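Student: After the sequence you'll find the predicted model.
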Amino acid sequence: MKNIFTISAVAFALAACGDAQNTEENQSTAPYEMSAEALGAHIKELASDAYGGRAPASPGEELTVRYIEQQFKDAGLKGANGGSFIQDVPLVSVETKGAPVITLSKDGETLELAYRNDHVLWTRHEQTATSVADSEMVFVGYGINAPERGWNDYEDIDVKGKTVVILVNDPGFATQDADLFEGNTMTYYGRWDYKFAEAARQGAAAAIILHDTKPAAYGWGTVDSSWTGPQFDMVRDDKGASLAEAESWITTESADKLFALAGLNRAELQAAATRPGFTAVPMGVNFSAGFASEVNHINSRNVAGYIKGSEHPDEVFIYMAHWDHIGTDPNAEGDGIYNGALDNASGTGGLIELARAYAGAGSTPERSVLFLAVTAEEQGLLGSAYYAANPLFPLNKTVGGINMDGLNYYGPTKDVTVIGLGNSELDEYLDQAAKMQDRVLVADQEPEKGYFYRSDHFELSKLGVPMLYPNSGYDHREKGRAYVDGLVADYLENRYHLPADEYDASWELSGAIEDLQLYYNTGRLVIDATDWPNWSEGSEFKALRDKQRTGE
């Protein structure tokens, strides 16, 4: 990487707007200071019941998009899409109707699995009726085909028209063997979306993932809330025909019953699946399910505003956050509104505050700065995927970016968590800015959960653009690590992707403001320099970035 200290001392002083003194002399020209009060007001508004959980294609989307657009306009941003703040994102919604039963049968014995209690089931085909009848079931271990790792769970077996049964996460996590995949750190092969995609490439009629809370990184409640109701997808030319006919998760208890019906030892097979050379196992059980779906085409929206750079306006740095959440489920407890206060009204509010800070900094950034609020993250990173495929600034002119998905609500910390620490040279800019706050960078505390692949930065990353995904620290400046660990555990257990994720006036948002100032200063170090940060050697994304930069 080139010298990261090319930003001038004057420019950096202006960038550190939170440190400006609001005296009578500079009252009219003082930089905008981000505040906990302003951030809290954004979160409270966006997470209010009036927004209905901010689902795409709902009245809550209209309110959300209107609010963000107005905030960007008030901050003084320009519309990034030819003067408009709106980027249309065409999506298709397919919703399972009724309560379909999965029937498993062997030699005249049947096992029925109940919808939501035992399984969730859906299709991404644009069709109103789906049926899979007497499809042979095959246990394919982790469902991974990774030639570069010498691993293929589908080797020597034809699963066309069959139903594949798949373990969540990857063999490295199961064994904690640092030499197997990435050990405790989940790879993309451990993600549910990869597993469904690979099953489709193999020609499976249906794909079932066996839920297990620890390797999945979330409980059944999250599966139930996320994979019921309308399931959004990109609009595909083949209307989903290249995907498996049906996709499903089943509970751990249901998985035990399946293996018992098959007469197979689940523990032995799961252990075998962690070893190289594993061979898929026909289960001798047939899968059947039929259900109706409601299909709708919708137009959702990303909201994009920018500040034009003074020296290199064609080059851009991105700040991004997703504005959507799960919406309203009338069958859920209480009011059924998934308010999504932390996830991700907080990140959206932070995006607005950063826009205000840049627009009110008193100095124009040398590169352009894009503030991008994307839709349908909860449905599979669809808004960011659409932007990556249809960028408003060319990807080879996008120097990097920062993604925010859930801000600190418990106060200042001594550390800064970086999801994917070491992936790119952007870490060095973040580290420099963190040192100015007397803070240190720490790696993801739970790498087995695969957070790097679970938020919007990934869609730009996998196309070559270096992206930072910093997160809240864990070591509270006054109350220590145990205090934060307790709050985080409580949130994940009782509020994550549940209606209980509501705004709380007792939140201590001073830590979020410190983090936002860090993100601001990090961005300015990149924006007001001429360097082009790259991915680190060994990164799966570096070759793409090198190609972008050379034009080859």
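Tutor: Received the coordinates, thanks.
Student: Look up how far residue 471 lies from the nearest residue to residue 194 once chain neighbours are set aside.
Tutor: Nearest non-adjacent residue to residue 194, counting by CB to CB, 6 or more residues apart in numbering: residue 188, 5.5 Å away. Where C-beta positions appear, they are placed from N, C-alpha and C, glycine not excepted. Distance, residue 188 to residue 471, using CB to CB, to the nearest Å: 19 Å.
Student: More neighbours: the two, which one.
Tutor: In this view residue 188 and residue 471 are compared by other CB atoms under 10 Å, and residue 471 has more residues nearby, 21 against 16.
Student: The more buried one against residue 413, yeah?
Tutor: No - with contact defined as CB atoms under 8 Å, residue 471 does not reach residue 413; the gap is 10.4 Å.
Student: Common neighbours of those two, please.
Tutor: Listed as contacting both residue 471 and residue 413 by CB atoms under 8 Å, 6 or more residues apart in numbering is no residue at all.
Student: Give me the distance between the closest residue to residue 360 other than its chain neighbours and residue 333.
Tutor: Spatial nearest neighbour of residue 360, excluding adjacent residues (CB to CB, 6+ apart): residue 32 at 3.0 Å. Note on residue 32: its distance to residue 333, by CB to CB, is 41 Å.
Student: Between the two, which is the more surrounded one?
Tutor: Ranked by neighbour count (other CB under 10 Å), residue 32 and residue 333 place residue 32 first, with 20 against 9.
Student: Quick check: phi and psi on the more buried one?
Tutor: phi -60, psi 130 (degrees, to the nearest 10).
Student: For residue 525, see how far away it is.
Tutor: 19 Å.
Student: Ok, residue 47 next?
Tutor: Distance from residue 47 to residue 525, by CB to CB: 32 Å.
Student: The two: who's more crowded?
Tutor: residue 47 (28 against 24).
Student: one step back: ok, the residue nearest to residue 360 - contacts?
Tutor: Applying CB under 8 Å, 6+ apart to residue 32 gives the contacts 17, 356-357, 359-361.
Student: Against residue 169, how distant is it?
Tutor: From residue 32 to residue 169 the distance is 44 Å (CB to CB).
Student: repeat for residue 367
Tutor: Residue 367 is 39 Å from residue 169, by CB to CB.
Student: ditto for residue 296
Tutor: Counting by CB to CB - residue 296 and residue 169 are separated by 33 Å.
Student: still on that earlier bit, how about the contacts of residue 32, which pair is most distant?
Tutor: The most widely separated members of the contacts of residue 32, counting by CB to CB, are 17 and 359 (10.7 Å).
Student: who has more neighbours, the two?
Tutor: Neighbour tally, residue 17 and residue 359, criterion other CB under 10 Å: the higher count belongs to residue 17, 23 against 19.
Student: show me where pLDDT drops low in this structure?
Tutor: Along the chain, the parts satisfying pLDDT under 70 run over 1-29, 552.
Student: Could you pull up phi and psi at residue 191?
Tutor: phi -80, psi 150.
Student: should've said residue 213
Tutor: Phi and psi for residue 213, reported as degrees, to the nearest 10, are phi -60, psi -50.
Student: if I look at the spatially closest residue to it that is not a sequence neighbour, how far off is residue 252?
Tutor: With sequence-adjacent residues excluded and distances taken as CB to CB, 6+ apart, residue 213 is closest to residue 219, at 5.0 Å. According to CB to CB, residue 219 and residue 252 sit 10 Å apart.
Student: okay, and the common contacts of these two?
Tutor: With CB under 8 Å, 6+ apart as the test, residue 219 and residue 252 both reach residue 213.
Student: where exactly do the strands run in the stretch 1-150 of the chain?
Tutor: Secondary structure of the stretch 1-150 of the chain, counting by DSSP state E, counting those that start in this stretch: strands at 78-79, 86-97, 102-106, 109-113, 119-122, 129-139, 145-146.
Student: CSV for those strands, including distance to residue 446?
Tutor: Below are the strands of the stretch 1-150 of the chain laid out as CSV (distance: least, CB to CB, whole Å):
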stretch, distance to residue 446
strand 78-79, 38
strand 86-97, 30
strand 102-106, 31
strand 109-113, 30
strand 119-122, 24
strand 129-139, 28
strand 145-146, 23
